[in-house]
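>>> no sequence for this one, just the structure:
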């Protein structure tokens, strides 16, 4: 079976791991097989808001973490919507795509990230709404 890994990021290693989306298979390296072993915390979100998409929420997240995670997911969603619109009109092309004639459609990449962030935001909002603490 062929290992398929779709990564949406290009800059530093830290940035790469914060914005990866992976399809799994038996032959994938361990680091791709189970990326959800990383647990989200307030400190992790403060270091990089994109970690809200790549880290798993704790089993019993506290209300402050949920609200911070919601802000981070909303930031990710809105920033990618902005970049998607800019890419569609040719106003934004990431530096790593500028010299590549067959580079991927940047607006589709941003649209995919916005959808992932939107789904995560919905998940977090459901948890906030289900909780009766700090409302």
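Okay, I see it. Here the structure is a predicted model, which is why all the values come from computation and not from measurement.

>>> count of residues packed around residue 58?
By other C-beta atoms under 10 Å, the residues close to residue 58 number 11. C-betas here are computed from N, CA, C, even on glycine.

>>> got the contact list for it?
39, 40, 41, 65 (C-beta atoms under 8 Å, 6 or more residues apart in numbering).

>>> ditto for residue 76
By C-beta under 8 Å, 6+ apart, the residues touching residue 76 are 49, 50, 52, 53, 113, 114, 117, 120.

>>> need phi/psi at the second one.
Put plainly, it is residue 50. phi -70, psi -20 (degrees, to the nearest 10).

>>> which pLDDT does the model give it?
Looking at residue 50, its pLDDT is 95.

>>> just give me the neighbour total for it.
A count of nearby residues for residue 50, using other C-beta under 10 Å, gives 23.

>>> could you measure it against residue 80, distance?
Residue 50 sits 10 Å away from residue 80, taking C-beta to C-beta, to the nearest Å as the criterion.

>>> just to be sure, residue 110 is in a helix?
Yes - read with DSSP: H, G, I helix; E, B strand; the rest coil, residue 110 is one of the residues of a helix.

>>> no more questions from me, cheers.
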